Structures are given as C-alpha cells and as structure tokens.
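1. Show me the folded form of this:
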Amino acid sequence: FRLDFNLTAGALIWPIVFISTDIINEYFGKPGVRKISYIAATLITYSFFVIFIATNVSPADFWLDINKADQNGHPFNIDYAFHKIFSQGLAIIIASLTAFLVGQLLDVYIFHRIRKATGEKWLWLRATGSTLVSQLIDSFVVLFIAFYLLAGDNRWSTEQLISVGIINYIYKFGMAILLTPLLYVAHHFIDTYLGLKNAGSIIEEANLSGYKDQPDQ
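-> Residues are numbered from 1 along each chain as shown. The predicted structure is shown next:
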C-alpha cells in the first residue's frame, strides 16, 4: 500500500463549501445549514434525473453523423462516449448526495457541540474541529459508493480507495486550516455590516437553535 497523491476533481471546489458552511453555521445555526443542505440536495437530485434521461434517449442522427470521426479522422462513437462519461456521473451524484448530507449534518452537530463547550471564542476550533470529523466520513463515503459499490466492472481496488480517500482528506483538512483566517475576515465584514448588536443577536439565536436537540451533559 502506498499513497500516490491523486485526488478527485470534486475535492478541488471543497474550500468554498468549507467557508460557506461555517459562516451559515455561525449566523443561522442548524436550521440554516439544514435548509441549505436540503436545497442543494434537491438540485443535485434534479441533475441526476436530467442526466439519467439524457443518457437513455436515442441520439439525433445528425449529431451522430457530424461526430462520427475524431480530429484525426478515426471512427468515433460519440453516443458511447457520452453515455460512458455521464453514466459514471450518475453514480458520482448518488455518492456525492449521500456523503454531502451525512457530512453536512455531522458537521453542524459537531460545530455546535464545540460552541456549547467553548462559547463564542475559538471560532477556529469549532470550524476545523467539525471539519476534521465530518470530512473524514465524507471523503471515504463518496469514494466507496461511487467507485466501488456502484462502479460495476470499473470498480477501484481497496488500496486505491484508501489512497485517494486519504489524499482527499489531507487536502480538505489542510485547506480548512489555511482558510481559517478568511472565516475571521468574513465574520468581521458581516459584523460591521449588521452592527455588533444585531450580529450578536443573530449569533445568539443561532446558538440556541443549535442547542435545542442536544442533550445536556
């Protein structure tokens, strides 16, 4: 077993998710993150059905004709290529949707558990702490479902799954640490825009919403 330092393309956009999720967590609490997560899940599901329909209808004859050869004049089956690429995308969508919901809901739970223990201070701890756990689950769930459980004959080996999962996780957690200062910058601009009093009230309400379904210890 060895790490080959390959990661999935989907992991590259994850830093945007990190910033947006923790800002929403901070100001809107569990209800806000859940609402955004369910909206995102609905859009992902819609994409799934669009791709499913597109890959299961007969292609237009003219489209096949104008794409019957590649740039070097060799015979080319554009319908096979289209179906092959986007059909794999269906498995990735199912995996991403599952991992996204599990990861987001776990992230918001841990975020508010840490906040309950530390209060308003240590934003960096609740942001990176929740990420440390939730993205460990997310990184491996998406790979297992997309490239093992639903991959058919193109199934990855266990070693490859573990290798890519570890690299994805290292990348995500490393970016979370590097981008933590941006959370403070975003926090500052939002507080300035809303005013400290209004921002404080919103954050306090978000905190209360995060504590409602957590048992006392």
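2. hey, let's count contacts and neighbours off CA atoms from now on
-> OK.
3. Can you show me the helices along this protein?
-> When secondary structure is read from DSSP state H, the chain shows helices at 14-54, 61-66, 78-118, 123-144, 158-194, 196-211.
4. Just list the residues touching the residue nearest to the spatial centre of the chain, thanks.
-> By CA atoms, centre = their mean, the mean C-alpha position of the chain lies nearest to residue 100, the distance being 4.9 Å. Going by CA atoms under 8 Å, 6 or more residues apart in numbering, residue 100 touches 37, 138.
5. how far away is it from residue 54?
-> 24 Å (CA to CA, to the nearest Å).
6. one step back: I'd like to know which of the helices of the chain lies nearest to residue 7.
-> helix 158-194 (5.4 Å; CA to CA).
7. distance between that closest one and the chain's centre?
-> 11 Å (CA atoms, centre = their mean, to the nearest Å).
8. For that helix, which helices and strands make contact with it?
-> Secondary-structure packing of helix 158-194 (3 or more CA pairs under 8 Å, 6 or more residues apart in numbering; DSSP states H and E): helix 14-54, helix 123-144.
9. export these to CSV and tack on distance to residue 195?
-> Formatted as CSV, these follow (distance: least, CA to CA, whole Å):
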stretch, distance to residue 195
helix 14-54, 13
helix 123-144, 19
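10. Please tabulate the helices of the chain in JSON lines, including the columns mean pLDDT and distance to residue 7.
-> JSON lines is the format used below for the helices of the chain (pLDDT from 0 to 100; distance: least, CA to CA, whole Å):
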{"stretch": "helix 14-54", "mean pLDDT": "86", "distance to residue 7": "12"}
{"stretch": "helix 61-66", "mean pLDDT": "92", "distance to residue 7": "34"}
{"stretch": "helix 78-118", "mean pLDDT": "86", "distance to residue 7": "14"}
{"stretch": "helix 123-144", "mean pLDDT": "88", "distance to residue 7": "10"}
{"stretch": "helix 158-194", "mean pLDDT": "89", "distance to residue 7": "5"}
{"stretch": "helix 196-211", "mean pLDDT": "75", "distance to residue 7": "33"}
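11. All set now, cheers.
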